[in-house]
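Asker: heads up, no residue letters with this:
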Ligand code: AHG
Ligand code: MN
Ligand code: MN
């Protein structure tokens, strides 16, 4: 089995990008170790702080954020980083080449119940001549990402990674190495599995309600098949299932916070996951346009997300168009 860095080098990945991905994995291994200790290390539970979205921070949200921040800022390739758990971007080497955005711990409501969580990351090139420490350098459409991925901390720790040439998965071995375990992942085009937080049904747009209601009608309904449902409350775990066996995952706009486009965050969740999904042959959309085409205007902006198996997402999009 091939080591992560050897695999990337053998596939002509830019050597500085390989080094940055290795740096990210140093942090993710540390997070995996801390998670494994759990209650033994006294790191479960919440802090008294909230993040910029107004969400209460778990102790492990803060620990994971600090681990990633420290490890990344020690690498001179890093021009700056932006995190779901940081109000403002943090700048590194003024001559650094890369920008990194991340959700240090996704699905953190699962921490205290010992269910899967993950780290999501996105890598952009710093614009040339960006000598001033300015948040604007991060505001690039998702199509400009040079790499993205996540580490799922489940029964095993698994990295799913794209550098724009397909998606590969690497499993963390007891030696501390990430080893290639799945190459050129392709999402099945059809599915009978959907993931949405059904408790928000009454808050959705009529088009989303109609789509889900038709899924629930099963073999007798317009879709002509019986569907299964999953909801793990961890986007990393949901996307991992979609990449592994297909499906559709959606967290749509809803009327609880009508002025916001959705719950999930474009720069830390929407964009990195969308690149993985597209690179594996799936579709990732707001229900009205491709997420990767959105020109961000705010580092913490939110987005509506619908992603997964090509045929299923295309059907969902039909419910949202006027055609
Ligand atoms: P985070 O833990 O980083 O705040 O993200 C949680 C996200 C996402 O991972 C998950 O799909 C969704 O929030 C779950 O939301 P609900 O609790 O509303 O189901
Ligand atoms: Mn998240
Ligand atoms: Mn998070």
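Answerer: Received it, and whenever you're ready, just let me know what you need. Quantities reported herein were computed from a predicted structural model and do not represent experimental measurements. Ligands and ions are numbered 1, 2, ... in the order given.

Asker: surely residue 294 meets residue 142?
Answerer: Yes. Between residue 294 and residue 142 there is a contact at 6.8 Å, judged by C-beta atoms under 8 Å. For glycine as for every other residue, the C-beta is placed from the backbone atoms N, C-alpha and C.

Asker: Mind listing the shared neighbours of these two?
Answerer: Listed as contacting both residue 294 and residue 142 by C-beta atoms under 8 Å, 6 or more residues apart in numbering are 266, 270.

Asker: Compare the two (neighbour count), which wins?
Answerer: residue 142 (26 against 19; other C-beta atoms under 10 Å).

Asker: quick one, phi psi at the residue of the stretch 151-300 of the chain found nearest ligand 1?
Answerer: As assessed by C-beta to the nearest ligand atom, ligand 1 sits closest to residue 235 within the stretch 151-300 of the chain, at 3.4 Å. Backbone torsions for residue 235, taken as degrees, to the nearest 10, come to phi -60, psi -40.

Asker: Let me see the contact set for it.
Answerer: 106, 107, 118, 120, 249, 251, 264, 269, 273.

Asker: how about 7 Å then?
Answerer: 106, 107, 264, 269, 273 (C-beta atoms under 7 Å, 6 or more residues apart in numbering).

Asker: Let me know the distance separating the residue of the chain found nearest ligand 2 from residue 114.
Answerer: Nearest residue of the chain to ligand 2: residue 106, at 3.4 Å (C-beta to the ion). According to C-beta to C-beta, to the nearest Å, residue 106 and residue 114 sit 16 Å apart.

Asker: what does residue 98 give?
Answerer: For residue 98 relative to residue 114 (C-beta to C-beta), the value is 34 Å.

Asker: Residue numbers of the stretch 1-150 of the chain in contact with ligand 2?
Answerer: In this structure, the stretch 1-150 of the chain approaches ligand 2 at residues 103, 106, judged by C-beta under 5 Å from the ion.

Asker: Quick one: the strands in the stretch 1-150 of the chain, in order.
Answerer: 46-50, 56-58, 78-83, 90-91, 98-106, 117-125, 147-153 (DSSP state E, counting those that start in this stretch).

Asker: on that earlier part again, of residue 98 and residue 114, give the one with the bigger neighbour count.
Answerer: Between residue 98 and residue 114, residue 98 has the larger neighbour count (other C-beta under 10 Å), namely 24 against 11.

Asker: about what we covered before: restrict the contacts of residue 235 to those near ligand 1?
Answerer: 106, 107 (C-beta under 6 Å from any ligand atom).

Asker: Save the contacts of residue 235 as a markdown table, and put in neighbour count too.
Answerer: Shown next, in a markdown table, are the contacts of residue 235 (neighbours: other C-beta atoms under 10 Å):
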| residue | neighbour count |
| --- | --- |
| 106 | 31 |
| 107 | 21 |
| 264 | 20 |
| 269 | 28 |
| 273 | 31 |
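
Asker: among the contacts of residue 235, which are within reach of ligand 3?
Answerer: residue 106.

Asker: Let's see which of the contacts of residue 235 end up in helices.
Answerer: residue 273 (DSSP state H).

Asker: picking that back up, so what's the residue of the chain closest to ligand 2 up against?
Answerer: Applying C-beta under 7 Å, 6+ apart, the residues near residue 106 are 117, 118, 119, 120, 234, 235, 236, 269.

Asker: how close does residue 235 sit to residue 44?
Answerer: When residue 235 is compared with residue 44 (using C-beta to C-beta), they lie 21 Å apart.

Asker: pLDDT weak spots in the stretch 201-323 of the chain?
Answerer: 323 (pLDDT under 70).

Asker: what are the ranges of the strands in it?
Answerer: So, for the stretch 201-323 of the chain - with DSSP E, counting those that start in this stretch - the strands run 228-229, 248-251, 264-265, 283-285, 302-303, 305-308.

Asker: just checking, which of the ones you listed sits deepest inside the structure?
Answerer: strand 305-308 (a mean of 28; mean count of other C-beta atoms under 10 Å).

Asker: and that strand, which strands flank it?
Answerer: strand 248-251 (antiparallel), strand 283-285 (antiparallel) (DSSP bridges).

Asker: and the residue in the stretch 101-250 of the chain positioned nearest to ligand 3, what does it touch?
Answerer: Ligand 3 sits closest to residue 103 of the stretch 101-250 of the chain, with a gap of 4.3 Å, by C-beta to the ion. Contacts here follow C-beta under 7 Å, 6+ apart; on that basis residue 103 touches 84, 119, 120, 265, 268, 269.

Asker: try residue 22
Answerer: Per C-beta under 7 Å, 6+ apart, neighbours of residue 22: residue 5.

Asker: what separates it from ligand 3, distance-wise?
Answerer: 23 Å (C-beta to the ion, to the nearest Å).

Asker: Identify, from the contacts of residue 106, the entry nearest to residue 214.
Answerer: Residue 214 lies nearest to residue 235 out of these, by C-beta to C-beta, at 24.1 Å.
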